[in-house]
Every structure is written in C-alpha cells, then in structure tokens.
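Trainee: Need the 3D shape of this:
(chains A, B and C)
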Amino acid sequence: MKTKIRNLAVFVCICSVITLLLAVTNFITAPIIEENQNAAANQALMEVMPDAQGFEVVDISTLTLPATVTEVNKETSGLGYVIKLKTAGYGSDMIIMCGVTNDGVVTGAVCLSSNETLGKEKTYGENFKDKDAAGVESVDIITGATKTTEAYKNAIKDALNSVVILGGGSVDIRTEAEILADNLSAAFPDGEGSFEKMFMVEYLEGIDAVYTATNGKGFVFAVGEQFVGVDTDGTVVTEGVEDATLFTNALAVIKATVTEDIDLTSFPDLAKHVVSAKKTASGNFILETKGAGYGIKGGNEYHPASGEYIIVRVAVTPDMQILDCITVSEAETDGLGDACADESFYGRFAGKTVNDYKEIDAISGATLTTDGYLQAIERAFNAVKTLNGGAENE
Amino acid sequence: MNKNTSASVLLNGILKENPVLVLILGTCPTLATTTTVDGAFGMGIAAMAVLICSNVFISLLRKVIPESMRIPCYIVIIAGFVTIVKMLVQAFLPDLYVTLGVYLDLITVNCIILGRAEMFANKNPVVASALDGIGMGLGFTLALTLMSTIREVFGAASFAGIAIPFLENYKIEFFTKAPGGLVVYGLLIALIYVVTHGRAPVKKSFSCEGCPNAGTCHGAACEKKGAES
Amino acid sequence: MDVKVLIVILLSAVFVDNYVLSRFLGICPFLGVSKKIDQAVGMGVAVTMVMLLATAVTWPIQYYVLNTLNLGYLQNIAFILVIATLVQILELLLKKFSPSLYKGLGVYLPLITTNCAVLGVTINNIIDGYNFLESMVSSLGCGLGFLLAMVLFSGLRSKINDSKVPAPFRGLAVTLIAASFISLAFMGFSGIVENIFA
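Mentor: Down below sits the predicted model:
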C-alpha cells in the first residue's frame, strides 16, 4: 500500500512538473503564435493594400451593403478598406479580395479561390489597380471569358460602392432587374409590381419598350430613362408627363393590332423550318422558326424528331427589319449555349436588319449555338421574302 | 548495450543501429513526412529534440520512477516534450508547423523515443543517454533526409524546394505519393542488405523481436499467437 | 443532421484517406501483425474498438475540459493518457467478463497504446472540427479502413510466403513493396467518394 501511494505520488509529481514546463512554454510562445496567425491572415489583406499598417474587422451586420460583400476590414491608419466578396462566376463561386481607399481608388484586387474554366480571374484583378470608379468601368471584359470577367468587374464595383456606404454616403446598390421593377411600379402603381415585357409586333414611334401589367390593367412605356404608365382607357397615370400623345398613340396602335394566321400548307418548303407564321394588319410578320443548335445530344444536326433545336420568335417588318426577338425554346448546354435564352442575348436583335443581324457578338464558348440562332433568324427573313411573293433563297 | 566510449554510443545510433534503416523503427513518420526534404529534415530535428530531452529527463529520474508505473511516466514525459517542441515550432517555424501537421503530435507515439527510454535511458547515466539521444536522433534525421531526397528529386524535380532544371521534364510523381514512399523504403532496406553483404541485422520480418513496445506488451501479442498456431 | 455528410466521412475514412495506406498511421501493426488473417482480423477489431472508445472520451475532454479551461496545450498528454488508461481498463474488463473474447482480442490491446492511428484519429477529429457524431463516424471509418487494409494485406502476404524472393528483398523489403501495391489500388478511390452525391 505504501509503495502504491509513493508510486502514485511520483507519477503526480512528474505530471505536475511537465504541466508546469508546458505552461511556461505556452506563456512564452502563445503571443508569438497569435501574432503569426494574425500576420498570415493579414497577408492576403496586405497584398491588395500594400501600404496598410494593420486591419480590424468591421461589423457589417447592421449595414446595407451589396449582397456580394462577405467581410470588411478597415485599415487601422485610415487608408481605406479591404473588402472580401463572393460572387458567382462561370459555374463556380469566386472569392475576391479588393482594397479600396477612402476616396474610392482600388489599391489592388486578387481572386482567393475560384474554379473557373479559363483561369482568367487569376490575373484579371491587376487591371483594376489604381483605378477609380470611372477607371474600373473602362476595364475591358475579356472576350471568351465574359461571365467570369463580368462577375469580377461587378464585384469590384460592389467593393467601391461599399466603401462609399461605409464612408456614410449612399449608393444605388440595386441590381438592374430590381431597378427596372422599381421604375415600372413607380410608373404604374396599379400594376401591383408585376409586369411583363411585351413582344413588339408593331413599330411604335419613339418608344423603346412596352411592359404590360400582368393583371391586365394597363401598360408602361419606356422611353430612354423615362417610364410612363398608361391604363387600358388611355389615361396617363404617371405624373409629370407633359405631352401624352406619344403614349396614347402607341396605345392605340397596340389596341388596333390584329394578327392573322398564315396557312403554311401552300408553302411546303417553309413548313420545314417555320413553326408558325402570323401577319399583322399593317403587314409585319411574326414568325417562329427553328435553328439547329448544339442540341442536348451534342450533335449539330438539325433534328426535328427529338426537338433538339432552338425555336425563335421574330417580328419582322416587310422591309426586313427586326422589331423584336425572343427565344421560345432551346436545348443547349447548361451554362454555355443556354445563354441564348437570356434577354441580354436575344434582346440584341431588336432593330437589326437583314444586312447587319449577323454582327452581334457570339455567345462565348458556344459557337454552334450562336450559328444555330442566326440560322433561325435567317430563315425568318427568308420566310418573309417568300410570303411577300419573293423566292425562297436557302 | 555496450558502454564503451562516448563516440561509440554516438555512432551506434547513426550507423550500426540506425533506427530507421536497421532497427526499422518510426516507420510512420519515415513514410509520411518524407515527400519533401524540408519536412523530413524538420521532422528529424523535432524528433531528435524530443528524444534528447526525454532521454535526459528519464535518465535523471531513473532511480525515482517506480518500475510498475514507468510506462505511464515515460508517456507523460514524452508527450510533454512533444507539446513543448510543437509550441516552439508553431511559434518560430510556422511553415514547418503547417507541413508536418498532425505528425508533429504523433512524435509522442514514435516507437524510437519510447524504445530508447525503455532500452537505454532508464539504465544509463545522463551524459550517455544524451549522447544516445543525439546519435539516434541524427540517425533518424539522416535516414529521413536520404529518403526524402530520393522522393523529392525524382518525384518533384527539386531539392529542399529548389527546382532542379534538367529534371523538370522527367518528374515521376509516383514517388511523392503514398505507394512511392513504401517502394522507396523497401528498396532502401534491400540496398542496405546488398551494401553490407547481408551482415546488417536486417530483421527477417517485422514483429515484436525488436519492437520497443515489447516492454509494454511483454511480447504478448506475438508470442502467445505464435505458440497457438 | 445530414446523413449524407456522415456517409461521405465514413466512406472517405475507409477508402480514400485510409489511415494506413495513405496517411501511414498505424503502419507498425499493419506490417507486424498481418501475417495471418485471424491475427489481422483480431488486431483490426481491437483497434476499431479502442478508436471508438477513445474518441467517445477525448472529444468531450477537449471541448468541455481543455477548451473551457483554456488548457489546449495539454491535449497531447491528456489524449495519450486517456488511450493508455482505456486500453488497460478494456483489457481488465475483457479478461474478467469475456475470457473467450479476451483470448481473441486481448493480446493485441497492449500494442495499441502506442499505435499512432489511435492518437492520430482522436487529434484529427479535433483538427477537422467534427462534432461528436461526425467524430464517432470518422473513428469508425478509420477503424474499418484499418481492418480492411489488414485483411487484404494478410491475404497478399500468404502469397509472398510461398514465392521465391531475391535475397536482398527477403523479409521487410518485399513486404513494403507489396504494401505499396495495396496502397496504389486504394489511390483509385480518390475523387469517387467526394462526388458520390454530386
């Protein structure tokens, strides 16, 4: 028993001595380790703001910053901020670190983590160094890596906006879609915030775009930056519109629009590629045509049986100008060719003529899709020619 | 264990009883940390530091530590020194700390250290134990450095992080991977056999015969099983 | 609790990050006690049991004792003592209550104290920030991975014993090279488990 107690005492003593040694070492090394860790964490921050003295994290939970901002670090000597952003690039999230001075100049930008196909984001940040808001705007998007570089550029803009907000200023941080929705609701409150872009089948003098309220109560006309709401009776509801004739005329044209189906059975050649054709009383054609896209099966063959083609609805004037264009259906690759269903793509065709419609930028990385799309539009033009009595030329 | 001169104690660990290549101890760090020369050398030095400290400490206390409680005592002492070394590395060599990761903690269960405590330090005076620690530590470091040199030069075409230009296009990545480590270790042991014409006490197989943990298990695992079969 | 996460942890511990074959933890018993398949199974089961028990004890110690008392630097000592004590207790209990099981597993238990796989898995669970359930699953995976590697390797070794090996390679050298083949085979699993639910 006695030896047992002695043995245990020895063991406890050894444990105590070792623990003491550890405590002493810990006391010496702990501050150094903490400093190292801070230095490592600050390294990325220093990279984008080389003149910085130190950083402290800003609590952003109470601030309304752009949604991409995940972390804000304030430079301790008052140079500015380093902002961490997370944005969706091409198929993956990019974590971007961007340093901005208090007066809105980018001191540096790096992409900390990404999984982009082309790797353009690795060096793209260098373009923004020492640029202010206007300078950032002028940085070119890299052709072939549009999605990646656009997302990058928008993130930098968000960082600049955040610094303005952090400095006590206010910036419009709404997305384009949000701005549009706000403008539409302001112009026509009866629309209850729900609007649809109208497919234009008539040329409306002086009007850029028409939105219909989905509850059927009226329309909003867009002219440049101006949005004007008109109800179905023709009363302009938006305040401050001096001359309403432009809009009442446009409304009259819309109301008077009559379309008539064209029977394609007498045009067997057209029926192959044209899904449907309509004609307005004013002589414009509304055509839905097919184009052979890349297709979900990867072949570029025109494949009517499985429907692997793009269907495009185009409104064309008799003198071969596109009034409006929209993608009805497509079976293109996710993340690549399916960009043809975005308004940012098909919206580019409005106003183009038979001579210059091919000049639009191709969808990056989806040449076959773009070719198929142009083919569908070409067929629409050919159909207009044929239906107007000319010869089909394909 | 001969108690001849200090030099022989020192050299013993480096050559005749090299812990890695002859005694086949500490296989885990030998395989895991030898992908780069930096990491292997760092592991060698860290283990050596722990080995020297624990050897000295245990030798000092060899008359105090009771026989029945010796293994827990050794474990606590070793684990303590491992933690001290770990904290020092973390504070002063943060890069190495990241490279070694959990293997730094696992020096605690490196058979060499408990083995030397059991086989040498608890029977010998302080100076000899310190020399034994230095010798064994150097032997361990040398073997690790040798193995990592082979793996890094052929696998990554560099030495201690410095690129070797003319090998750039002939990298054999296999060497840096887990199976490559096993192959290199196997080849080195075979090479030792050839160089010493089979005189080195290369073990016929890996079992409890030379295992320092035999002290803990009293050969229970191997002998009993052997007797039954 | 997301079951998918647990399944991924389990499968990657068994196949992809196999403790023996890709991290080299527990390589000593892997090389030493894999000559016969019954030895391999006994050792594997014993290691799995100790890993689970050790994790069940060390995880609460880390989070409720060491972290709350700000004594993180005692982790190593605390964990190795817990493992050593557990092994002792398990051995005593087995001897007393289940002599048949003790006969099968008990002999391997003392070897496990200094098995780096056990200390490794307890520390890794903390480093990886797993919660208690995830830690237990990861320990189970590591144990099963160890068992699997041991059993596969013991099969391979019985073939080696029957073959003519050149003198320099006899013994450990050929064993290591054979282990390399198993390790190479396991490398084939990498990239599979991560994408299993993708």
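
Trainee: Any idea what the residue nearest to A:V237 when sequence neighbours are not counted is bridged to?
Mentor: In this structure, A:V237 finds its nearest non-sequential neighbour in A:G229, 4.6 Å apart by Cβ to Cβ, 6 or more residues apart in numbering or on different chains. Using the backbone N, CA and C atoms, a C-beta is placed for each residue, glycine as well. Beta-bridge partners of A:G229, counted by DSSP bridges, are A:V220.

Trainee: start to end distance for stretch C:62-70?
Mentor: End-to-end span of stretch C:62-70 (Cα to Cα, to the nearest Å): 10 Å.

Trainee: pLDDT averaged over it - what is it?
Mentor: Over the span of stretch C:62-70, the pLDDT mean works out to 88.

Trainee: what does that stretch rub up against?
Mentor: Residues from elsewhere that reach stretch C:62-70 (Cβ atoms under 8 Å, 6 or more residues apart in numbering or on different chains): C:71-72, C:74-75, C:78, C:126.

Trainee: try 7 Å
Mentor: For stretch C:62-70, contacts defined as Cβ atoms under 7 Å, 6 or more residues apart in numbering or on different chains pick out C:72, C:74-75, C:78, C:126.

Trainee: quick one: which of those residues sit in helices?
Mentor: Secondary structure defined by DSSP state H assigns C:75, C:78, C:126 of the contacts of stretch C:62-70 to helices.

Trainee: from the residues you listed, which is closest to A:A271?
Mentor: Using Cβ to Cβ, C:I126 comes nearest to A:A271 of the ones in helices among the contacts of stretch C:62-70, at 71.0 Å.

Trainee: Might you report the residue contacts of the closest one?
Mentor: By Cβ under 7 Å, 6+ apart, C:I126 lies in contact with C:Q62.

Trainee: just C:A40 next, same as before
Mentor: C:A40 touches C:33-34, C:150-151, C:154, counting by Cβ under 7 Å, 6+ apart.

Trainee: how much space between the residue with the largest distance to the centre of chain B and B:F154?
Mentor: Here chain B reaches farthest from its C-alpha mean at B:N169, the gap being 33.2 Å by Cα atoms, centre = their mean. B:N169 sits 13 Å away from B:F154 when distances are taken as Cβ to Cβ, to the nearest Å.

Trainee: What distance do you get for the residue farthest from the centre of chain B to A:V100?
Mentor: Distance, B:N169 to A:V100, by Cβ to Cβ: 43 Å.

Trainee: okay, now B:T5: neighbour count?
Mentor: Using other Cβ atoms under 10 Å in any protein chain shown, B:T5 has 10 other residues around it.

Trainee: how about the residues of chain C near chain A?
Mentor: C:73-74, C:77 (Cβ under 7 Å from any Cβ of the partner chain).

Trainee: from the residues you listed, which single one is nearest chain B?
Mentor: Using Cβ to the nearest Cβ, C:I77 is the member of the residues of chain C next to chain A that lies nearest chain B, at 4.3 Å.

Trainee: just to confirm, which helix or strand has the residue lying closest to the closest one once chain neighbours are set aside in it?
Mentor: Leaving out its chain neighbours, the residue that sits closest to C:I77 by Cβ to Cβ, 6+ apart is B:A79, at 4.3 Å. In this structure, B:A79 sits in helix B:70-92 according to DSSP states H and E.

Trainee: Show me what that helix is packed against.
Mentor: When contacts are defined as 3 or more Cβ pairs under 7 Å, 6 or more residues apart in numbering or on different chains; DSSP states H and E, helix B:70-92 sits against helix A:2-48, helix B:37-60, helix B:94-100, helix B:102-105, helix B:111-116, helix C:75-97.

Trainee: Buried deepest among those helices, which one?
Mentor: helix B:111-116 (a mean of 26; mean count of other Cβ atoms under 10 Å in any protein chain shown).

Trainee: roughly how far apart are the residue sitting nearest the centre point of chain C and chain A?
Mentor: Central residue of chain C (Cα atoms, centre = their mean): C:G143, 4.1 Å from the mean position. According to Cβ to the nearest Cβ, to the nearest Å, C:G143 stands 29 Å off from chain A.

Trainee: Wait, that residue touches C:A46, no?
Mentor: No - counting by Cβ atoms under 7 Å, C:G143 does not reach C:A46; the two are 9.4 Å apart.

Trainee: Count the neighbours of B:V184 for me.
Mentor: Neighbours of B:V184 using other Cβ under 10 Å come to 25.
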